[in-house]
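1. Quick one, what's the 3D model for this:
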Amino acid sequence: MKDLGIILGIRPDVIRASKIIRLLSENKNITYDFIWSGQHYSENMKDVFFKQLNVPKPDVEFEIDTTNDASTVSSVIKNTFNHLENNKYKAVVFLGDTNTVMGSIGAAQHNIPIVHIEGCMRSYDWRMPEEKYRKTIDHLSDRIYAYLDSYKTQGLNEGISQDIIKVTGNPIVDIIQENQNIFDSGHESLDNNVLNFIGKNEFLLATSHRRENILNIDSLNNIINLFNSSDMKIVFPAGYKTQEMLKSYDLKLNSNVLMIDPLGYLEFMYLLKNSTFVMSDSGTVVEEACIMNVPSIQMRYSTERPEVYDVNASIKFDPSEKISDFQSYLDKAMKLVDTKWAQPFGDGKASDNIVDDLVELSESNSFHKHNKENYSFDISNSFKE
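-> Presented below is the predicted three-dimensional model:
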């Protein structure tokens, strides 16, 4: 029996975990199964960048119903539970805050310890499904890898035991630092339509996918007005739901905005690295931009990554507000261009920190952290005789 089951289900999480997976593969003292939850189609695993990262093919692939959130979550739980009936790992590892991490309920039903990479991040925006998922898995977990001390504090404030949370730094720093040169080749995979649109001009990059933004006509209209207020060329890789809602609301983009289908990671990172600044409601994109010293406008009501504001790498644009002066946000972002900041997300050793701890916990068989002595507050009342 392998020591760990690592369950991932979307491309960005595989990229973030890629060095962790590689280090585990190289370590003779621990074994694992890589399990694909099926949240995104397995075609995502064919991203050219995965090959360059040497991401292995999954050992196990779940077949799930992705009709809606409820069917996705329930079938991930069911598949996880069924798989664990015959695979009693020392622990099951999840990363992030998507539907896939709700498979932790299936692991908990077997009393198999749960490890959560990217724990204790909070936006405190209860509209977000991700916020609900984060809180659920964090309170089920036996080991949480929190990227920063401030995230750990958020977990402690919710009563999560000090014994459970370990601060590691953010593994996306590791990936970006080790692959900066590879990103320069991203233009080789870009469509000529995009390359010709950009030419030799400066350009902006934009993304928008969050439901609280795209499913609200006022918020999405504010986002489009922000884009349309710029006279620079803007490349806008838009998810299919975003494209659908733009048509539904009859919102029009100016001719200097090129909306395209979603890109592979390598192509996207090439555009991000070479953009003047990025406008996005993706926490990951804003995080990556900060690490690469690219300014951003974060189109969010609240964020789980306030550090980008602390280091003056990003401008807040709240689409839920009534906004009239869109140009002021663009002007503020332009003032950040060519400024420098110290990225706050770690020293590039997060993957090593996580793997070292996983090996230590596995060898000592000490993943279980919901024992009586692990609680950081008085629970004696529950054990009265």
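2. what residues does stretch 194-208 touch?
-> The contact list for stretch 194-208 (C-beta atoms under 8 Å, 6 or more residues apart in numbering) reads 187, 214, 220, 223, 227, 230, 232-238, 242, 257-258, 260, 271-272, 274-282, 285, 299. C-betas here are computed from N, CA, C, even on glycine.
3. at 7 Å what do you get?
-> Contact with stretch 194-208 is made by 187, 214, 223, 227, 230, 232-238, 242, 258, 260, 271-272, 275-282, 285, 299, as judged by C-beta atoms under 7 Å, 6 or more residues apart in numbering.
4. Cross the residues you listed against strands and list the overlap.
-> Lys233, Ile234, Val235, Phe236, Pro237, Leu258, Ile260, Val278, Met279, Ser280 (DSSP state E).
5. got the residue ranges for the strands in this structure?
-> With DSSP E as the criterion, the chain has strands spanning 4-8, 32-36, 60-61, 91-95, 114-117, 143-146, 165-167, 203-207, 233-237, 257-260, 278-280, 296-298, 314-316.
6. And for stretch 372-385, what's in contact with it?
-> When contacts are defined by C-beta under 7 Å, 6+ apart, stretch 372-385 is touched by residues Gly159, Ser161, Gln162, Asp163.
7. Most neighbours of all these, which one?
-> Ser161 (18 neighbours; other C-beta atoms under 10 Å).
8. and that residue, what does it touch?
-> Counted by C-beta under 7 Å, 6+ apart, Ser161 has contacts Lys369, Asn374, Tyr375, Ser376.
9. any idea how far Gln109 lies from Ser219?
-> 38 Å (C-beta to C-beta, to the nearest Å).
10. do Val257 as well
-> 18 Å.
11. where does the chain have its least confident helix or strand?
-> Least confident element among the helices and strands of the chain, by mean pLDDT, DSSP states H and E: helix 48-53 (a mean of 72).
12. hang on, the earlier thing: out of the ones in strands among the contacts of stretch 194-208, who's the most crowded?
-> In the ones in strands among the contacts of stretch 194-208, the most neighbours by other C-beta under 10 Å go to Met279, 28 neighbours.
13. that older thread, columns pLDDT and distance to Pro56 on top of the contacts of stretch 372-385, output as JSON lines?
-> Formatted as JSON lines, the contacts of stretch 372-385 follow (pLDDT from 0 to 100; distance: C-beta to C-beta, whole Å):
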{"residue": "Gly159", "pLDDT": "95", "distance to Pro56": "37"}
{"residue": "Ser161", "pLDDT": "96", "distance to Pro56": "33"}
{"residue": "Gln162", "pLDDT": "95", "distance to Pro56": "34"}
{"residue": "Asp163", "pLDDT": "96", "distance to Pro56": "32"}
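14. How many residues are close by Lys372?
-> Neighbours of Lys372 under the rule other C-beta under 10 Å: 9.
15. what does the model give the most far-flung residue of the chain relative to its centre for pLDDT?
-> Counting by C-alpha atoms, centre = their mean, the extreme residue of the chain relative to its mean C-alpha position is Glu385, 46.1 Å from that point. pLDDT for Glu385: 91.
16. Give me the distance between it and Glu373.
-> Note on Glu385: its distance to Glu373, by C-beta to C-beta, is 18 Å.
17. The closest residue to Trp341 other than its chain neighbours: how many residues sit nearby?
-> Nearest non-adjacent residue to Trp341, counting by C-beta to C-beta, 6 or more residues apart in numbering: Val311, 4.2 Å away. If you count neighbours by other C-beta under 10 Å, Val311 ends up with 14.
18. And for Phe326?
-> Per other C-beta under 10 Å, the neighbour tally for Phe326 reads 18.
19. got the contact list for it?
-> Asn225, Leu226, Ser229.
20. just Ser25 next, same as before
-> The contact partners of Ser25, by C-beta under 7 Å, 6+ apart, come to none.
21. so what pLDDT did it get?
-> pLDDT for Ser25: 97.
22. Run through the residues that contact the residue nearest to Thr242 when sequence neighbours are not counted.
-> Counting by C-beta to C-beta, 6+ apart, Thr242 lies nearest to Ile214, which is 5.1 Å off, once chain neighbours are set aside. Going by C-beta under 7 Å, 6+ apart, Ile214 touches Ser208, Leu220, Lys241, Thr242, Met245.
23. Which residue, neighbours along the chain excluded, lies closest to the second one?
-> To tie it back to what came earlier, the one meant is Leu220. With sequence-adjacent residues excluded and distances taken as C-beta to C-beta, 6+ apart, Leu220 is closest to Ile214, at 5.3 Å.
24. same check, this time on Asp97
-> Counting by C-beta to C-beta, 6+ apart, the residue nearest Asp97 is Glu130, at 4.0 Å.
25. Now the buried members of the contacts of Ile214.
-> Neighbour counting by 16 or more other C-beta atoms under 10 Å classes Ser208, Leu220, Thr242, Met245 among these as buried.
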